[in-house]
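Visitor: requesting a structural model of the entry that follows:
(chains A and B)
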Amino acid sequence: AQSVTQLGSHVSVSEGALVLLRCNYSSSVPPYLFWYVQYPNQGLQLLLKYTSAATLVKGINGFEAEFKKSETSFHLTKPSAHMSDAAEYFCAVKPPGANSKLTFGKGITLSVRP
Amino acid sequence: NAGVTQTPKFRILKIGQSMTLQCTQDMNHNYMYWYRQDPGMGLKLIYYSVGAGITDKGEVPNGYNVSRSTTEDFPLRLELAAPSQTSVYFCASILGWAIDQPQHFGDGTRLSIL
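Guide: Predicted coordinates for the structure are as follows:
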């Protein structure tokens, strides 16, 4: 069975600072990995996904994530935080297969200080 | 296109009442999902459907029922509401599990049971 660990529940950065949100996964087979963002009172939107092609994945809004098999990690980064990045971020894992399902991490709330 | 539409957006129920959370999508997606989101717990899968007439249990199905009579609609029913079902409920859909297709989420139904 697969699982996702997002350490900590809240990260606070200054505007313009580096954003680093950590995600570690556990899976018996090489998985697909996703980052979603949730703004207040909205559903989840896909930021980026890893599909076993390039290990460095670029997403929307300047975010990117690097798949590191040796570390079983898929950390999300953005070089310079913007106030509009304040939201909750979820990492999710899915094993290959037509009917396999997404497993979500507990989420991390990102705050951006002026 | 409207995407995934959930109604109602908010609801307060008394213990023991029943209600149906509506979810409809206009993208002709085959797969549909119901999740619940509790603070600090991420999203937990309640039920899912891979096509009209086919439903299956997710991680936390107890106390809920679903049906999928059409491709567009996937209602979630609470028969005897309990305080433990206070949560935010999200419906999601995806055409299939080709990896370049993200899940599309509705904006959620916020349900309180008192």
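
Visitor: phi, psi for B:Arg110 please.
Guide: Backbone torsions of B:Arg110, given as degrees, to the nearest 10, read phi -90, psi 110.

Visitor: looking at it, it is touching B:Phe10, isn't it?
Guide: Yes - counting by Cβ atoms under 8 Å, B:Arg110 touches B:Phe10, with 4.9 Å between them. Where you see a C-beta, it was placed from the backbone N, CA and C, and this is true even at glycine.

Visitor: more neighbours: which of these two?
Guide: B:Arg110 (16 against 10; other Cβ atoms under 10 Å in any protein chain shown).

Visitor: any idea how far chain A is from the more buried one?
Guide: Applying Cβ to the nearest Cβ, to the nearest Å, one obtains 8 Å for the distance of B:Arg110 from chain A.

Visitor: distance of that residue from B:Ser87?
Guide: To B:Ser87, B:Arg110 is 8 Å away according to Cβ to Cβ, to the nearest Å.

Visitor: now check the worst-scoring helix or strand of chain B on mean pLDDT, is it near chain A?
Guide: Using mean pLDDT, DSSP states H and E, the weakest-scoring helix or strand in chain B turns out to be strand B:104-105, at a mean of 92. Yes - part of strand B:104-105 sits near chain A under the criterion Cβ under 8 Å from any Cβ of the partner chain, namely B:Phe105.

Visitor: residue ranges with poor pLDDT in chain B?
Guide: Across chain B, the ranges flagged by pLDDT under 70 are B:1, B:97-100.

Visitor: ok, and the closest non-adjacent residue to the closest residue to chain A within it?
Guide: Nearest residue of chain B to chain A, counting by Cβ to the nearest Cβ: B:Phe105, 3.2 Å away. On the basis of Cβ to Cβ, 6 or more residues apart in numbering or on different chains, the spatially nearest residue to B:Phe105 that is not a chain neighbour turns out to be A:Gly43, at 3.2 Å.

Visitor: quick check on A:Ser70: phi, psi?
Guide: Geometry field for A:Ser70 lists phi and psi as phi -60, psi -30, criterion degrees, to the nearest 10.

Visitor: now do residue 12: how many residues are near it, please.
Guide: I went with chain A, as the question did not name one. Around A:Ser12 there are 12 other residues, counting by other Cβ under 10 Å.

Visitor: chain B was what I was after
Guide: Each residue near B:Ile12 was counted by other Cβ under 10 Å, and the total is 11.

Visitor: got the contact list for the closest residue to chain B within chain A?
Guide: For chain A, the residue positioned closest to chain B under Cβ to the nearest Cβ is A:Gly43, at a distance of 3.2 Å. In this structure, A:Gly43 makes contact with B:Val4, B:Phe90, B:Ala92, B:Phe105, B:Gly106, B:Asp107, B:Gly108, judged by Cβ atoms under 8 Å, 6 or more residues apart in numbering or on different chains.

Visitor: thinking again about what came up before, show me what contacts the residue of chain B closest to chain A?
Guide: The neighbours of B:Phe105, taking Cβ under 8 Å, 6+ apart as the test, are A:Gly43, A:Leu44, A:Gln45, B:Val4, B:Phe90, B:Cys91, B:Ala92.

Visitor: so the closest residue to B:Met41 other than its chain neighbours, which of the three states?
Guide: Beyond its immediate neighbours in the sequence, the residue positioned closest to B:Met41 (Cβ to Cβ, 6+ apart) is A:Lys106, lying 5.9 Å away. Assigned by DSSP: H, G, I helix; E, B strand; the rest coil, the conformation of A:Lys106 is coil.
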